[in-house]
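# Output the structure for:
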Amino acid sequence: FSVMIAQPYQLYVERKDRAKNMARYYAMSIDSNLFGELCLTRRWGRIGSKGQTLIHHFEREKDAVALFLDLTRQKRARGYRARSAATRESDSCASSTVIELGAIT
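Below is the predicted model:
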């Protein structure tokens, strides 16, 4: 059987600090894999690099969303921010399903 997700969850944020030569990204999404399991996929690293990937498996969407929101809050607290509107418009991969950090309380 296949698990249906109530709504798409995607996040892409960046943290830049020229003084520290820091340019990092953090991306997450909740999807179903080929076996119908819910997966929270996390990717992070230096902007422009492949970075690292970690996949969490869940039986319930509620648990995946709870971790997604918790990690989103943690990244916001550490200074990660959504890319500027000009950058998003020039990126053909940008999607309306990307969660803006300002919307998370």
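# in the longest helix along the chain, what counts as buried?
Secondary structure of the chain per DSSP state H: the longest helix is helix 61-77. Across helix 61-77, burial judged by 16 or more other Cβ atoms under 10 Å covers 61, 64-65, 68, 71-72, 75-76. Where C-beta positions appear, they are placed from N, C-alpha and C, glycine not excepted.
# Quick check: Glu61 touching Tyr9?
No - assessed by Cβ atoms under 8 Å, Glu61 is found out of contact with Tyr9, at 9.2 Å.
# can you list residues touching both of these two?
Common neighbours of Glu61 and Tyr9, using Cβ atoms under 8 Å, 6 or more residues apart in numbering, are Ile30.
# which stretches of this protein form helices?
61-77, 85-90.
# on that earlier part again, would TSV of the buried residues of helix 61-77 with pLDDT and distance to Thr41 be doable?
Below are the buried residues of helix 61-77 laid out as TSV (pLDDT from 0 to 100; distance: Cβ to Cβ, whole Å):
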residue	pLDDT	distance to Thr41
Glu61	90	14
Ala64	94	10
Val65	94	14
Phe68	96	10
Leu71	97	12
Thr72	96	14
Lys75	96	15
Arg76	95	19
